[in-house]
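Enquirer: sequence unknown, structure follows:
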């Protein structure tokens, strides 16, 4: 699997352990606590 360059998007959800990431192709990923990232939007 190729390495993806992602930036974390700050949201208030980060305070409860939910992180949102965007990669350079525009896809949005969500990460809950210690689980792997999952793609949510194109």
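Expert: That came through fine. What you are looking at is a predicted structure, and each value in this text was computed from that prediction instead of being measured.
Enquirer: neighbours of residue 29, just the number please.
Expert: Other residues within reach of residue 29, judged by other Cβ atoms under 10 Å, total 19. For glycine as for every other residue, the C-beta is placed from the backbone atoms N, C-alpha and C.
Enquirer: Ok, the one 4 residues further on next?
Expert: As a burial measure, the neighbour count of residue 33 was computed by other Cβ under 10 Å and equals 8.
Enquirer: same check, this time on residue 20
Expert: Neighbours around residue 20, by other Cβ under 10 Å: 19.
Enquirer: Same check on residue 22?
Expert: Neighbours of residue 22 under the rule other Cβ under 10 Å: 15.
Enquirer: so who does it touch?
Expert: For residue 22, the contacting residues are 6-7, 9, 28-29, by Cβ atoms under 8 Å, 6 or more residues apart in numbering.
Enquirer: where does the chain dip in pLDDT?
Expert: The model of the chain has pLDDT under 70 over residues 1-4, 41-42.
Enquirer: show me where it has strands.
Expert: 6-9, 18-23, 28-32, 38-41 (DSSP state E).
Enquirer: now for the last one, which elements pack on it?
Expert: In terms of contacts (3 or more Cβ pairs under 8 Å, 6 or more residues apart in numbering; DSSP states H and E), strand 38-41 is packed against strand 28-32.
Enquirer: cool, the first one as well?
Expert: For strand 6-9, the packing partners by 3+ Cβ pairs under 8 Å, 6+ apart come out as strand 18-23.
Enquirer: Run me through the strand neighbours of the strand it packs on, direction for each.
Expert: Strand 18-23 has these partner strands in its sheet, going by DSSP bridges: strand 6-9 (antiparallel), strand 28-32 (antiparallel).
Enquirer: For residue 16, find the nearest of those strands.
Expert: Proximity to residue 16 (Cβ to Cβ) singles out strand 28-32 among the strands paired with strand 18-23, at 9.6 Å.
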